[in-house]
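*Asks:* Coordinates for the following, if possible.
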Amino acid sequence: MSAPLPPAPGDGPVRARLDPAQARVRLAVRETVERYRDGGGSAVLVALSGGADSLALASATAHVAPRLGVAAGALVVDHGLQPGSTGVAERAAEAARALGLDPVRVLTVRPGSEGGPEAAARAARYAALEREAEGLGAALLLGHTLDDQAETVLLGLARGSGARSLSGMAAADGLRLRPLLGVTREQTRRLCRVERLPVWDDPHNTDPSYARVRVRSTVLPVLEDALGPGVAAALARTAAQLREDADALDALAAEALDGLAERDGDLVALSVPGLAALPAALRNRVVRAAVHGDGGRSLSRRHTLEIVALVTDWHGQGPIDVPGVAVSRSGDRLLLHPAVRR
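*Replies:* You can find the predicted model right below:
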């Protein structure tokens, strides 16, 4: 066999071909960071757990961000919920530094007691991450993948949630940016194998006591077997379409609320004829927006329909209490005011 030809004069150095998973992840990160930079952003921080998804995100960010003129660092959260968690956090931080990310900070966070342990840990984690990112003037890059999005949609379906919940996670939500929502979990794991990154597999991710783990390990595989491959991608596309619809309806609801509401201190009065004239989907959103805007908790569908019944099925019923808000009807006005705490 003849020897390979030498490079022709003027040829640059031969560049190693990227693995398809590397190329896919880097492209996704580039698109997100470019949009962020073009909007005036100058620094990003990867929320790094040490798992494959966040490590792949960290690697791609370390490669892409400096080439776009954007500073890139990493934040690692140690919840202290598992034996050896401090060591896991330190190893993740070491991996980030080896990738060239700077600054790299380990945040020690203790979850509160509100909600279940998973929700409390998540709330504490995001609060700490966003506080740090805001202090550094940076956006927060999160490693949620297409598979995470599909799981979120299925969980929402099981709970009977509406379009906003079924629309899943947003690609951009305040300080939070999610570049990998179009990237599969297998692609992030492959990138880590190709680059020999030190992946840590969280035992919670295989614990069937968590509903998300059951969806991941049982429900989605059954759907793939029964309906064929591509179920996760289809669910993610559904989420994107529902987000577009929900964003449009929420914008219309906010506009309608401005025209229907009168405010007097804590009291909000809504026009009953105006509400009655709206389509049901819009009317329900106006009611929820009025409650949310006045300190109420997120309304369930049952509570929303109880309030709407004062408009569409009025037969003299008295005031009702929903979480955080007391609602009554007076003539052609629906009155909302903070519920009295007992």
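*Asks:* how about the helices in the stretch 101-250 of the chain?
*Replies:* Applying DSSP state H, counting those that start in this stretch to the stretch 101-250 of the chain gives helices spanning 117-136, 146-158, 163-166, 185-194, 211-214, 220-227, 231-260.
*Asks:* Which of the residues in stretch 265-278 are classified as buried?
*Replies:* Within stretch 265-278, the residues scored as buried using 16 or more other C-beta atoms under 10 Å are V268, A269, L270, S271, V272, G274, L275, L278. Bear in mind the C-beta positions are built from the backbone N, C-alpha and C, glycine included.
*Asks:* ditto for stretch 41-50
*Replies:* By neighbour count on 16+ other C-beta under 10 Å, the buried set for stretch 41-50 is G41, A43, V44, L45, V46, A47, L48, S49, G50.
*Asks:* So the third one, which state does it fall into?
*Replies:* The assignment at V44 comes out as strand when based on DSSP: H, G, I helix; E, B strand; the rest coil.
*Asks:* Which of the buried residues of stretch 41-50 sits closest to E90?
*Replies:* Taking C-beta to C-beta as the measure, E90 sits nearest to G50 out of the buried residues of stretch 41-50, at 9.6 Å.
*Asks:* The closest one belongs to a strand, doesn't it?
*Replies:* No. G50: not assigned to a strand; according to three-state DSSP it is coil.
*Asks:* Please shift the residue numbers so they start at 43 in all later answers.
*Replies:* Sure thing, new numbering starts at 43, so read that last one as G92.
*Asks:* residues contacting it?
*Replies:* With contact taken as C-beta atoms under 8 Å, 6 or more residues apart in numbering, G92 is in contact with V118, V130, A131, R133, A134, A137, P240, V241, W242.
*Asks:* make it 7 Å
*Replies:* G92 makes contacts with V130, R133, A134, W242, as judged by C-beta atoms under 7 Å, 6 or more residues apart in numbering.
*Asks:* Only the buried residues of the helix or strand T74 falls within, if you could.
*Replies:* Following DSSP states H and E, one finds T74 within helix 62-80. The neighbour-count check on helix 62-80 (16+ other C-beta under 10 Å) flags 63-64, 66-72, 74-75, 78-79 as buried.
*Asks:* will you turn the buried residues of stretch 307-320 into JSON lines that also has secondary structure, distance to L99 and pLDDT?
*Replies:* Compiled in JSON lines, these are given as follows (DSSP: H, G, I helix; E, B strand; the rest coil; distance: C-beta to C-beta, whole Å; pLDDT from 0 to 100):
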{"residue": "V310", "secondary structure": "strand", "distance to L99": "42", "pLDDT": "92"}
{"residue": "A311", "secondary structure": "strand", "distance to L99": "48", "pLDDT": "94"}
{"residue": "L312", "secondary structure": "strand", "distance to L99": "44", "pLDDT": "96"}
{"residue": "S313", "secondary structure": "strand", "distance to L99": "48", "pLDDT": "96"}
{"residue": "V314", "secondary structure": "helix", "distance to L99": "50", "pLDDT": "96"}
{"residue": "G316", "secondary structure": "helix", "distance to L99": "46", "pLDDT": "96"}
{"residue": "L317", "secondary structure": "helix", "distance to L99": "45", "pLDDT": "96"}
{"residue": "L320", "secondary structure": "coil", "distance to L99": "42", "pLDDT": "97"}
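*Asks:* pLDDT score for P49?
*Replies:* Looking at P49, its pLDDT is 46.
*Asks:* so how many other residues sit close to N326?
*Replies:* 21 (other C-beta atoms under 10 Å).
*Asks:* And for L143?
*Replies:* 25.
*Asks:* Not counting sequence-adjacent ones, nearest residue to it?
*Replies:* A116 (4.6 Å; C-beta to C-beta, 6 or more residues apart in numbering).
*Asks:* What is the least confident helix or strand in the chain?
*Replies:* Between all helices and strands in the chain, the lowest mean by mean pLDDT, DSSP states H and E belongs to helix 205-208, at a mean of 82.
*Asks:* and it, how far from the chain's centre?
*Replies:* 12 Å (C-alpha atoms, centre = their mean, to the nearest Å).
*Asks:* again with stretch 295-315
*Replies:* For stretch 295-315, the distance to the chain centre is 30 Å (C-alpha atoms, centre = their mean).
*Asks:* for stretch 62-71, same thing?
*Replies:* 20 Å.
*Asks:* Quick check: the gap between the closest residue to A351 other than its chain neighbours and S370.
*Replies:* Distances taken as C-beta to C-beta, 6+ apart place Q359 nearest to A351, at 7.6 Å, with adjacent residues excluded. Distance, Q359 to S370, using C-beta to C-beta, to the nearest Å: 9 Å.
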